[in-house]
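Peer 1: Provided below for reference: sequence and predicted model.
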Amino acid sequence: MRFATLALLATAMSIPAFTAATTPAAAQARAGDPVEVRIDATKPGATISRDIFGQFAEHLGTGIYGGVWVGKDSKIPNVRGIRTDVVNALRAIRTPLVRWPGGCFADEYHWRDGVGPAKNRRSSINSNWGGSVETSAFGTDEFMDFVGQVGAEVYLNVNVGSGTVKEAADWVAYMTADPTTSAGKERADNGHREPYKIKYLGLGNESWSCGGAMRPEFYADQMKLYARFVRNYHPEQGEGKPDAMLRVAVGPGDDNTAYTEEVMKTWKQHDWAWSIESLSLHRYTTGGWPPSYPSDAFDEGAYARLVKETLGMDGFIKANAAVMDKYDPEKKVSLAIDEWGVWLKPLRGTNPGFLQQQNSLRDAIIAALNINIFARHADRVKLTNIAQMINVLQAMILTDEEKMVLTPTYHVFKMYVPFQDATFIPVNFQAGTYQHGDITLPRIDAVAVKDKQGKYWLALTNVDTQRAAPVTVNVAGLNVRSARGEVLTAPKVDSINSFAAPNTVSPKPIAGSVRGGKLTIDMPAKSVAVIALEP
């Protein structure tokens, strides 16, 4: 996991464009205008895969040790060494999958260090992240136990950088082979007779950088070998099975689409012997490299600049999707944004290599904007992983010994649960403008879905830090009689949840009135809302 500097990309956001103000006074006048939204239920879009709400857990800082794993003898409540409070919190947001063991760590991870009796496991130095000691106490079987407790699927990243094809093949065989084989017997002897399921297999990580600084052509040749010889032996996931393991190739992390071009050109030439099913992209909101923006006690200028950068995700996806469309117009290969989020300056007094930062209302707004962009690209984007799950970067959860706090970003993920596997419904609106200094942004963002039970949901984001937004939604023909949901806001845009004050930024009820086919609802300043349109 490493960031390559990204130019800010202009975004059309797949909605009607807003008109920029010619003067600050004009901008402020429009900022107070009501927003009209029309939901076009006659043109349903793609299914929004629940996997766009995926999590990422790397051996980095206290993301694993202290965040997930405390050991079987810990006084912190646990099941087989895995924190009970964290598992319960992740279950509550219906975590669909977890990517592991990295990140940059994946391309230096040798799986045999982390299997078998604890006393026999090999310790090493985590040279990527802070020079800490990696004890290997949390290895393959512990990770599989963890995702099982959470009820999530597995996204496994194999070591393409410092490993070999055989090492990766042996690892997947250990996890999936029948216990009558040597690989399956070893797993059974280590306590798990039944084979594990692996939904996604990542063929390396950032091979253009920390994964080996490979030329696109060299990586494409490596990709073919790993795709060919790393086999899944689970009887339900073998080649040709409906639930077969999906292989994710490495794509770019900056504006250069050379990796996308080479991987897709190579995929176009694939045959019966090998293939890939997805291409990964990495994009962080940083404000520039190295990250220097604080994660707490920041001003409105820092907020506006990071929101502007976040909106560039739309153009980033479009640029790479356009390359993919040349080789794959039928969209057989999906996009996996398997690292995204706000990457900020490490907290004062922490190990800089642990990438520990606070999580504010700003980060929750940025999370909502990203999710909305992914939803608009649901025809191609089928998987994303926010970085990262616990205690690292834009985390869902922060822990300190026995203490745990849910972040504003966690609450956004929970509010958006109804979007998992729902159908995208087009929304038309004029966004209006929010202006700070020389930055002018769309004031309102909106997306809608129809869940499997036939209920419509509307998500609204008001990025304006000062002005509420009266919103009118045309719901004629949708059989809507009431509207209620949750809204996330706080006294300040840099408000956070701390161990001492865990509910400063937490969802509150919100309701609108429906009359004559119109829903009216007031969106507070700096807020995210998800609203059920009830029949």
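Peer 2: Thanks, I have it. All figures in this text were calculated on a predicted structure; none of them were measured in a lab.
Peer 1: Buried residues, stretch 493-502. List them.
Peer 2: Within stretch 493-502, the residues scored as buried using 16 or more other Cβ atoms under 10 Å are 493-497, 502. For every residue, glycine as well, the C-beta is placed using N, CA and C.
Peer 1: could these go into TSV alongside pLDDT, distance to Val37 and secondary structure?
Peer 2: Output for these, formatted as TSV (pLDDT from 0 to 100; distance: Cβ to Cβ, whole Å; DSSP: H, G, I helix; E, B strand; the rest coil):
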residue	pLDDT	distance to Val37	secondary structure
Val493	97	24	coil
Asp494	98	29	coil
Ser495	98	27	coil
Ile496	98	30	strand
Asn497	98	30	coil
Pro502	98	33	coil
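Peer 1: which one among those residues gets closest to Arg91?
Peer 2: Distance ranking of those against Arg91, using Cβ to Cβ, places Pro502 first at 18.7 Å.
Peer 1: Please tell me I have it right and that closest one contacts Val405.
Peer 2: Yes. Pro502 lies in contact with Val405 (Cβ atoms under 8 Å); the separation is 4.7 Å.
Peer 1: how far away is the closest residue to Thr62 other than its chain neighbours from Gly63?
Peer 2: When the adjacent residues along the chain are set aside, Thr62 lies closest to Asn391, with 4.5 Å between them (Cβ to Cβ, 6 or more residues apart in numbering). According to Cβ to Cβ, to the nearest Å, Asn391 stands 5 Å off from Gly63.
Peer 1: Neighbour count: these two, which is higher?
Peer 2: Under the criterion of other Cβ atoms under 10 Å, the comparison of Asn391 against Gly63 puts Gly63 first, with 28 against 24.
Peer 1: Number of residues surrounding the residue nearest to the more buried one when sequence neighbours are not counted?
Peer 2: Once flanking residues are discounted, Gly63 sits nearest to Val392: 4.3 Å by Cβ to Cβ, 6+ apart. Val392 is flanked by 27 other residues according to other Cβ under 10 Å.
Peer 1: For Val392, which residues are in contact?
Peer 2: Val392 makes contact with 58, 60-63, 67, 354-356, according to Cβ atoms under 8 Å, 6 or more residues apart in numbering.
Peer 1: quick check, nearest of these to Ser527?
Peer 2: Among the contacts of Val392, Gln356 lies closest to Ser527 (Cβ to Cβ), at 26.7 Å.
Peer 1: okay but that closest one is in contact with Gly61, surely?
Peer 2: Yes. Contact criterion Cβ under 8 Å: Gln356 and Gly61 qualify, at 5.8 Å.
Peer 1: More neighbours: which of those two?
Peer 2: Taking other Cβ under 10 Å, Gln356 and Gly61 do not tie; Gly61 has more neighbours (25 against 22).
Peer 1: Now do the SS call for that one.
Peer 2: coil (DSSP: H, G, I helix; E, B strand; the rest coil).
Peer 1: Just the pLDDT at it, thanks.
Peer 2: For Gly61, the model assigns a pLDDT of 97.
Peer 1: How much space separates it from Asn391?
Peer 2: 6 Å.
Peer 1: quick one: the strands in the stretch 51-200 of the chain?
Peer 2: Ranges of strands within the stretch 51-200 of the chain are 54-56, 78-79, 82-83, 97-100, 124-126, 132-134, 153-158, 200-203, based on DSSP state E, counting those that start in this stretch.
Peer 1: Distance from stretch 296-313 to the middle of the chain?
Peer 2: 19 Å (Cα atoms, centre = their mean, to the nearest Å).
Peer 1: hmm, who's touching it?
Peer 2: 6-11, 13, 283, 285-287, 293-294, 337, 340, 342, 347, 358, 360, 362, 365-366, 369-370, 373, 434, 436-437, 439, 441-442, 463, 465, 493-494, 496.
Peer 1: avg pLDDT for it?
Peer 2: Here stretch 296-313 scores 97 as its mean pLDDT.
Peer 1: Dump the buried residues of stretch 493-502 to CSV, plus distance to Gly485.
Peer 2: Output for the buried residues of stretch 493-502, formatted as CSV (distance: Cβ to Cβ, whole Å):
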residue, distance to Gly485
Val493, 21
Asp494, 25
Ser495, 21
Ile496, 23
Asn497, 20
Pro502, 22
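Peer 1: Can you tell me which of those residues is closest to Gln420?
Peer 2: Lowest distance from Gln420 to the buried residues of stretch 493-502 (Cβ to Cβ) belongs to Asn497, with 23.7 Å.
Peer 1: Need phi/psi at that closest one.
Peer 2: phi -100, psi 130 (degrees, to the nearest 10).
Peer 1: hang on, it packs against Pro507?
Peer 2: No. Counting by Cβ under 8 Å, Asn497 sits too far from Pro507 to count as a contact (11.9 Å).
Peer 1: my guess is Ser178 contacts Gly184, does it?
Peer 2: You called it Ser, but residue 178 is Asp. Yes. Contact criterion Cβ under 8 Å: Asp178 and Gly184 qualify, at 4.8 Å.
Peer 1: Once you drop chain neighbours, what's closest to Ile64?
Peer 2: Phe138 (5.2 Å).
Peer 1: For that neighbour, give me its contacts.
Peer 2: Phe138 makes contact with 59, 64-65, 68-69, 81, 114, according to Cβ under 8 Å, 6+ apart.
Peer 1: same check, this time on Lys508
Peer 2: Here Lys508 is in contact with 486-489 (Cβ under 8 Å, 6+ apart).
Peer 1: Now render those residues as TSV, adding distance to His377, neighbour count and pLDDT.
Peer 2: Below are the contacts of Lys508 laid out as TSV (distance: Cβ to Cβ, whole Å; neighbours: other Cβ atoms under 10 Å; pLDDT from 0 to 100):
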residue	distance to His377	neighbour count	pLDDT
Glu486	25	17	98
Val487	25	21	98
Leu488	24	26	98
Thr489	27	25	98
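Peer 1: which one of these sits closest to Lys265?
Peer 2: Scanning these for proximity to Lys265, where the rule is Cβ to Cβ, the winner is Leu488, at 43.3 Å.
Peer 1: is that closest one in a bridge, and if so with what?
Peer 2: Beta-bridge partners of Leu488, counted by DSSP bridges, are Val528.
Peer 1: my read: it touches Thr504, true?
Peer 2: No. Using Cβ under 8 Å, Leu488 is not in contact with Thr504, being 11.2 Å away.
Peer 1: Find the nearest non-adjacent residue to Asp236, please.
Peer 2: That one is not Asp; residue 236 is Glu. Nearest non-adjacent residue to Glu236, counting by Cβ to Cβ, 6+ apart: Asp243, 5.5 Å away.
Peer 1: Quick check: the one you found touching Asn232?
Peer 2: No. Counting by Cβ under 8 Å, Asn232 is not a contact partner of Asp243; they are 9.9 Å apart.
Peer 1: Compare neighbour counts for these two and give me the winner.
Peer 2: Taking other Cβ under 10 Å, Asp243 and Asn232 do not tie; Asn232 has more neighbours (24 against 12).
Peer 1: just the helices in this structure please.
Peer 2: Remark: helices assigned in the chain by DSSP state H are 24-31, 84-92, 140-150, 165-176, 182-189, 216-229, 258-268, 300-311, 313-327, 361-376, 408-415.
Peer 1: Done for today, thanks.
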